[in-house]
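> model this:
(one chain, ligands or ions: 1)
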Amino acid sequence: MMDASNGSANFEEINSFFDSAPSLKDGEAIKRKVEEFLEGRANRVVCVTSGGTTVPLEQRCVRYIDNFSSGHRGAASTEYFLKAGYAVVFLYRRGTCQPYCRSLPDDPLLECFEVTNGSNVTVNPIHAKTVEGAIIDNHLAVTRGTLLKLPFTTIFEYLQILQLIALSMRSLGPSALFYLAAAVSDFYVPWESMTVHKIQSSSGPLDMRLAQVPKMLSVLRKDWAPLAFCISFKLETDTKILVDKANMALKKYNMDMVVANELLTRKEEVIVVTKGGNVIVQRDKTESGADVEDPLIKLIVDTHSSYITSKQIV
Ligand code: PMT
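Take a look at the predicted model:
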């Protein structure tokens, strides 16, 4: 539950969103996992959100509205944050791209492995190097205890888990970083006004009014983790409005950085918008397989370092 005493209408909407959301099935277990993961950690921790949230149309959900995101950005960024020495809480949409699995084929189990000599399962030589790399890198992150993966599906789950993580990371002060790459639904059906059973097509055309999902960026900034370094994303399909919209988000939600990307070129280039100016970050086109997340995370790590120093001086 949030405190609505901040005087902003947005906080009332946020309270009402959380009050009416169906409670997390395993909320206590998730909370415990996050607390255990953060226990005794004084160094940098980043919460990377990844994939799109769904909006159920029925309480016993058969149909839902989805938000576009493959999870590639979040998975790739997680790998680079881990490489830079961060511990990562990876809040991801079930079924989307996972760290270290980006180069695996779509159906890794069936395509990477084969049965030889009757019952021996072996790696198909074409995929051997990729499979080995994925297993070793993932194993390293898990055994070092630097990667915690938490799945979500609906907008209700996503925002409740994000709140829980943020409140737990609050104690890290400026060492906490939020990298909000998930594609979050802007509209939803409030739980109490949602039909319980499957909507019947025999009732004719569907007429439905969606409520607006309150933006959580301001409450994250002001209440949940006020000292954390906060990065939000801005996705547009029209490049003409992209940077202006990112600048608006930077100011309105008091973000430390907004990463602006256009749908078709998002894997090639992003524009990092800060109060100090904009930087275009591109992937190294001379190197095959280079990711735009490589230079992007380097820039973020440097900026976060300066931020931590500035907060220590104050
Ligand atoms: O996963 P990929 O296929 O690799 O694609 C990556 C990406 C394009 C999804 C990613 O780079 C990206 O841009 N993610 C954010 C997409 C998005 O939801 O943009 P938006 O303009 O709708 O939201 C802007 C910000 O507000 C986001 O950081 C979001 O976390 C936040 N938000 C949005 C809605 C809401 N109700 N509350 C929020 O806090």
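> how many other residues sit next to N67?
Neighbourhood size, N67 [other CB atoms under 10 Å]: 18. The C-beta positions use only the backbone N, C-alpha and C, and glycine is treated the same way.
> For L263, which non-adjacent residue is spatially closest?
Of all residues not flanking L263 in the chain, T237 sits nearest, at 4.9 Å (CB to CB, 6 or more residues apart in numbering).
> And the pLDDT at that neighbour?
Per-residue confidence at T237 stands at 96 (pLDDT).
> neighbours around it, how many?
For T237, the neighbour count with other CB under 10 Å is 9.
> What residues does it make contact with?
T237 makes contact with 262-264 under the criterion CB atoms under 8 Å, 6 or more residues apart in numbering.
> Same check on Q59?
Q59 neighbours (CB under 8 Å, 6+ apart): 22, 191, 194-197.
> redo that, cut-off 6 Å
Residues in contact with Q59 (CB atoms under 6 Å, 6 or more residues apart in numbering) are 194, 196.
> give me phi/psi at it?
Dihedral pair for Q59: phi -60, psi -40, per degrees, to the nearest 10.
> K198 too?
Dihedral pair for K198: phi -50, psi 130, per degrees, to the nearest 10.
> OK, contacts around it?
Neighbouring residues of K198 by CB under 6 Å, 6+ apart: 58, 62.
> I'd like the distance between it and F187.
21 Å (CB to CB, to the nearest Å).
> Kindly report the same for T195.
For T195 relative to F187 (CB to CB), the value is 17 Å.
> and which of the contacts of T237 is nearest the ligand?
Nearest to the ligand among these, counting by CB to the nearest ligand atom, is L263 at 6.7 Å.
> Number of residues surrounding the closest one?
By the criterion of other CB under 10 Å, L263 has 11 neighbours.
> Redo the contacts of T237 as JSON lines? Include distance to the ligand.
Listed next are the contacts of T237 as JSON lines, based on distance: CB to the nearest ligand atom, whole Å:
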{"residue": "E262", "distance to the ligand": "9"}
{"residue": "L263", "distance to the ligand": "7"}
{"residue": "L264", "distance to the ligand": "10"}
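> need these in a markdown table with pLDDT and secondary structure, can you?
Formatted as a markdown table, these follow (pLDDT from 0 to 100; DSSP: H, G, I helix; E, B strand; the rest coil):
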| residue | pLDDT | secondary structure |
| --- | --- | --- |
| E262 | 98 | strand |
| L263 | 96 | helix |
| L264 | 96 | helix |
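> what comes into contact with stretch 136-146?
Here stretch 136-146 makes contact (CB under 6 Å, 6+ apart) with 82, 87, 100, 147.
> and the stretch 101-250 of the chain, which residues reach the ligand?
Contacts of the stretch 101-250 of the chain with the ligand, taken as CB under 6 Å from any ligand atom, map to 180-184, 186, 213, 215-217, 232-235.
> Swap in 8 Å and give it another go.
Contact residues, the stretch 101-250 of the chain versus the ligand (CB under 8 Å from any ligand atom): 155, 159, 180-186, 212-217, 220, 232-236, 245, 249.
> For the ligand, see how far away E293 is.
9 Å (CB to the nearest ligand atom, to the nearest Å).
> And that residue, its phi and psi?
Note on E293: its backbone torsions stand at phi -70, psi -20 [degrees, to the nearest 10].
> heads up, I number from 807, so please use that
Sure, I'll start numbering at 807, so the last one becomes E1099.
> Run a quick neighbour tally on the nearest residue to it once chain neighbours are set aside.
Computed as CB to CB, 6+ apart, the closest residue to E1099 that is not its neighbour in sequence is A882, at 4.2 Å. Counted with other CB under 10 Å, residues neighbouring A882 total 24.
> Verify the stated contact: A882 with V1098.
No: here A882 does not reach V1098: they are 8.4 Å apart, not a contact under CB atoms under 6 Å.
> Could I get the full set of helices for the protein?
Along the chain, counting by DSSP state H, helices occupy 815-826, 833-844, 878-889, 914-918, 934-949, 961-975, 1023-1025, 1045-1058, 1099-1119.
> Make JSON lines out of these and add distance to S925.
Listed next are the helices of the chain as JSON lines, based on distance: least, CB to CB, whole Å:
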{"stretch": "helix 815-826", "distance to S925": "52"}
{"stretch": "helix 833-844", "distance to S925": "36"}
{"stretch": "helix 878-889", "distance to S925": "33"}
{"stretch": "helix 914-918", "distance to S925": "16"}
{"stretch": "helix 934-949", "distance to S925": "19"}
{"stretch": "helix 961-975", "distance to S925": "40"}
{"stretch": "helix 1023-1025", "distance to S925": "53"}
{"stretch": "helix 1045-1058", "distance to S925": "55"}
{"stretch": "helix 1099-1119", "distance to S925": "40"}
